[in-house]
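Chemist: with the input below, show me the fold.
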Amino acid sequence: MDWIRVTLGIVAVALLATPVRADDKPVTLSRTFNKGDVVRMSIETTVDANGSEVLVKLTSRATVKAVKDAGQLVVESQDEAGKVTVNGSDMDIPAGGITTLTYDKTGKLVEFKAEEGGILTPEVLRLLETMRMPILSDKQVKSGDSWQTEFDNPAVKGKKFTVKTTFAGVDKVDGADLWRLKQEGAPDTDANGAKMGYDGTYWLDPATGQIVKADVKIKDEPTIMYGTLTLTTKSTRIKPETK
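Modeler: Numbers count the residues shown, from 1 in each chain. Sure, this is the predicted structure:
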């Protein structure tokens, strides 16, 4: 039976020599910002509004106002001027109000303040902002690992909702290895059980943990004046700026 031992030995050597895929290695997810950092994203959103398709193109600007000792991050976010296309006609849209967001070191939203105005209630806007930042695990993860984060629901008093995040491995994007994370949630938006669905995929720079690109779909987003909307959004980071 020497041939069996030889064959098994060859198989073992081959397995040892097989390179480990980058997305099979455990990684420690982290995020690095400095005070004064500015992140601008190019955003293109297709909106299904009661059967009519609306295209919105704009840029968003996020400025880091403070990085606290415990790793908390204070950010001012604003949509800059853009353009909306409805039935083939283009219209300019002005810049939006400023939203101030405070995250813990994992990306969990802990404080929120928004200026009045817009088509969303402050409660729904906070729900969206809770899910928009990828929440990082505080443990090493490998491809396929998931973790859940629970929040109080600002839209329905006394209710909670859960955000699920999954590390989906490493993707090669424009020649660079990027972390890919998926994040989803379906919080109630009223006391009758209506829900808003959120499904996002994010590609992060492993060197900083910052978003390079994102694809997001939001279903049944309740608005103040237009009923519920379904939105499909693609975001790409513009060249980073530092003050």
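Chemist: tell me where the protein has strands.
Modeler: Secondary structure of the chain (DSSP state E): strands at 37-49, 52-67, 73-86, 89-93, 99-103, 109-114, 146-152, 160-173, 176-185, 197-204, 211-222, 228-237, 241-242.
Chemist: and these, which one is worst for confidence?
Modeler: The minimum mean pLDDT among the strands of the chain belongs to strand 241-242 (a mean of 52).
Chemist: who is Leu204 paired with across the strands?
Modeler: Taking DSSP bridges as the rule, Leu204 bridges to Trp179, Ile211.
Chemist: follow-up on the earlier one: let me have the strands of the chain in TSV, adding distance to Lys139 and mean neighbour count as columns.
Modeler: (Glycine included, C-beta is placed from N, CA and C.) Output for those, formatted as TSV (distance: least, C-beta to C-beta, whole Å; neighbours: other C-beta atoms under 10 Å):
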stretch	distance to Lys139	mean neighbour count
strand 37-49	26	17
strand 52-67	23	16
strand 73-86	20	16
strand 89-93	42	10
strand 99-103	18	19
strand 109-114	20	15
strand 146-152	8	14
strand 160-173	11	17
strand 176-185	14	18
strand 197-204	17	20
strand 211-222	21	18
strand 228-237	27	16
strand 241-242	31	10
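Chemist: how about JSON lines for these, with distance to Thr28 added?
Modeler: What follows is the strands of the chain, written out as JSON lines (distance: least, C-beta to C-beta, whole Å):
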{"stretch": "strand 37-49", "distance to Thr28": "21"}
{"stretch": "strand 52-67", "distance to Thr28": "19"}
{"stretch": "strand 73-86", "distance to Thr28": "18"}
{"stretch": "strand 89-93", "distance to Thr28": "40"}
{"stretch": "strand 99-103", "distance to Thr28": "18"}
{"stretch": "strand 109-114", "distance to Thr28": "22"}
{"stretch": "strand 146-152", "distance to Thr28": "14"}
{"stretch": "strand 160-173", "distance to Thr28": "11"}
{"stretch": "strand 176-185", "distance to Thr28": "11"}
{"stretch": "strand 197-204", "distance to Thr28": "13"}
{"stretch": "strand 211-222", "distance to Thr28": "18"}
{"stretch": "strand 228-237", "distance to Thr28": "22"}
{"stretch": "strand 241-242", "distance to Thr28": "25"}
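Chemist: relative to Thr130, which of these is closest?
Modeler: Closest to Thr130 of these, according to C-beta to C-beta: strand 109-114, at 4.7 Å.
Chemist: Leu29: how many residues sit nearby?
Modeler: 21 (other C-beta atoms under 10 Å).
Chemist: if I read this right, it contacts Gln210, doesn't it?
Modeler: No: taking contacts as C-beta atoms under 8 Å, Leu29 lies outside contact range of Gln210: 11.9 Å.
Chemist: state the distance from Asp215 to Val38.
Modeler: Distance, Asp215 to Val38, using C-beta to C-beta, to the nearest Å: 23 Å.
Chemist: what does Lys139 give?
Modeler: To Val38, Lys139 is 31 Å away according to C-beta to C-beta.
Chemist: OK, contacts around the closest residue in space to Val74 that isn't next to it in sequence?
Modeler: Nearest non-adjacent residue to Val74, counting by C-beta to C-beta, 6 or more residues apart in numbering: Ala66, 4.1 Å away. With contact set as C-beta atoms under 8 Å, 6 or more residues apart in numbering, Ala66 has these partners: 35, 72-74.
Chemist: recalculate using a threshold of 10 Å.
Modeler: Neighbour list for Ala66: 33, 35-36, 72-75, 102 [criterion: C-beta atoms under 10 Å, 6 or more residues apart in numbering].
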